[in-house]
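Q: sequence isn't available, so here's the structure alone:
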Ligand code: PMP
């Protein structure tokens, strides 16, 4: 047995399921045990059994600068050695970081820090409900906005509470969670402006906000249909509904200004995490001054012992400085395009229907003969069985993707063209045997 297998047995004794919740979400269960990580460096990950992988999982996305990015590591070590671990009191660095985020993201006029994407989403919906005095939130099938009771899905939902396929009563999304009704959620299929217009026309006066990923990432990478985000912006303005972009994955990844800069849309509120901390836990919610000002006026509260702690802030300041270096996103784009084009060429020649969708440092292979525009399409058309064989084949050849048919592949600034070449060689081999 491998060391991973042995460690898994030991872990099961004291950790229910043998892995923490994030590792659980990452590990598909396709193998009898997850791989236990020894260390990461740059684009590479090594497990306790001595296997090294080219890593496109990147800790579910935060390691946008690769593993152990020197500038971030130095900033954190320096902070701890010189200043200790400052919690719960302000540091000058916090104001510096806030100014950097405001400068980077077009729609963000003020920003508050948090520890996780989940918390930042919670703050965003709280702000929206307080600002509008309304209670309902529209969200979309197949998106993920964190693990709070108010937003969590135990699985990707295949339900809609409005629109043509609506079910009359929203089903609870798992034991231990309040139902959709209690959570004041309206759940819609994504990439369909007509349904959205319909629901807003009927219920707009009760709706505080729409929350969306600007690029669908939690049902794998799916781009918005041309005009969809624009329609969403126009409709929300018409009905006095706030538009929240959940840029936890897209933020600081599709560019310093996130997806919103790329698509030229200004949401009212935005949520960031993952890439912001270069691997350390830090998140942010930001947006229009008029909305954010509710916090200053004591109308909306935010808290957290570890919020804006010195280590996280030092990491984020260093990560943003690294990302802001000239040429960073051009190079990310070039490496990513090289991988995307290479994979597309391999699948174009293959006997199986598949295509690659991607934007910037995000991409995904869809095993489908039909273009996938939202979660329903994915459920109907994406071939999970072929995906699994593809994933296992790549892992056996030292390439680690997220073991989920509906998950992205992330590219870091540490990935090289040599990594891409090695990945394509492995892909060629695997695809010829699928
Ligand atoms: N929103 C999106 C779009 C996410 O992808 C995630 C995490 N995968 C979250 C929110 C929650 O972030 P966290 O895990 O930091 O709580």
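A: Good, I have the coordinates. What you see is a predicted model, and the numbers here were worked out from it, not measured in a lab. Numbering: from 1, shown residues only.
Q: drop to CA atoms for contacts and neighbour counts, all remaining ones
A: Fine.
Q: what helices or strands is the host helix or strand of residue 262 leaning on?
A: Here residue 262, judged by DSSP states H and E, is contained in helix 258-263. Using 3 or more CA pairs under 8 Å, 6 or more residues apart in numbering; DSSP states H and E as the contact test, no helix or strand touches helix 258-263.
Q: averaged pLDDT, it. What do you get?
A: Here helix 258-263 scores 98 as its mean pLDDT.
Q: give the buried residues for that helix.
A: Under the neighbour-count criterion of 16 or more other CA atoms under 10 Å, helix 258-263 has 258-261 buried.
Q: what do you get for stretch 294-307?
A: 294, 300, 302, 306-307.
Q: residues in contact with it?
A: 87-88, 113-115, 123, 126-127, 130-131, 282 (CA atoms under 8 Å, 6 or more residues apart in numbering).
Q: for the residues you listed, work out which two are farthest apart.
A: 87 and 131 (29.3 Å; CA to CA).
Q: and these two? which has more neighbours close in?
A: Taking neighbours as other CA atoms under 10 Å, residue 87 and residue 131 compare with residue 131 leading, 20 against 15.
Q: on the three-state scheme, the more buried one is what?
A: helix (DSSP: H, G, I helix; E, B strand; the rest coil).
Q: for it, which non-adjacent residue is closest in space?
A: Once flanking residues are discounted, residue 131 sits nearest to residue 291: 6.3 Å by CA to CA, 6 or more residues apart in numbering.
Q: confirm the one you found sits in a helix?
A: Yes. According to three-state DSSP, residue 291 belongs to a helix.
Q: hang on, it packs against residue 125?
A: No. Judged on CA atoms under 8 Å, residue 291 makes no contact with residue 125 at a distance of 11.2 Å.
Q: related to what we said a few turns ago, who's in contact with the helix holding residue 262?
A: Residues from elsewhere that reach helix 258-263, judged by CA under 8 Å, 6+ apart: 105-106, 214-215, 247, 250-252, 254-255, 266-267.
Q: related to what we said a few turns ago, farthest-separated two in the buried residues of stretch 294-307?
A: It's 294 and 306 that sit farthest apart of these, by CA to CA, at 21.7 Å.
Q: now the helices for the stretch 201-350 of the chain?
A: Under the criterion DSSP state H, counting those that start in this stretch, the stretch 201-350 of the chain contains helices at 228-239, 258-263, 289-296, 310-323, 328-349.
Q: and the ligand, which of these is closest to it?
A: Nearest of the helices of the stretch 201-350 of the chain to the ligand, taken as CA to the nearest ligand atom: helix 258-263 at 12.0 Å.
Q: gap between that closest one and the chain center?
A: 15 Å (CA atoms, centre = their mean, to the nearest Å).
Q: stretch 249-261 now?
A: The answer for stretch 249-261 is 11 Å, by CA atoms, centre = their mean.
Q: next one: stretch 379-387
A: The answer for stretch 379-387 is 21 Å, by CA atoms, centre = their mean.
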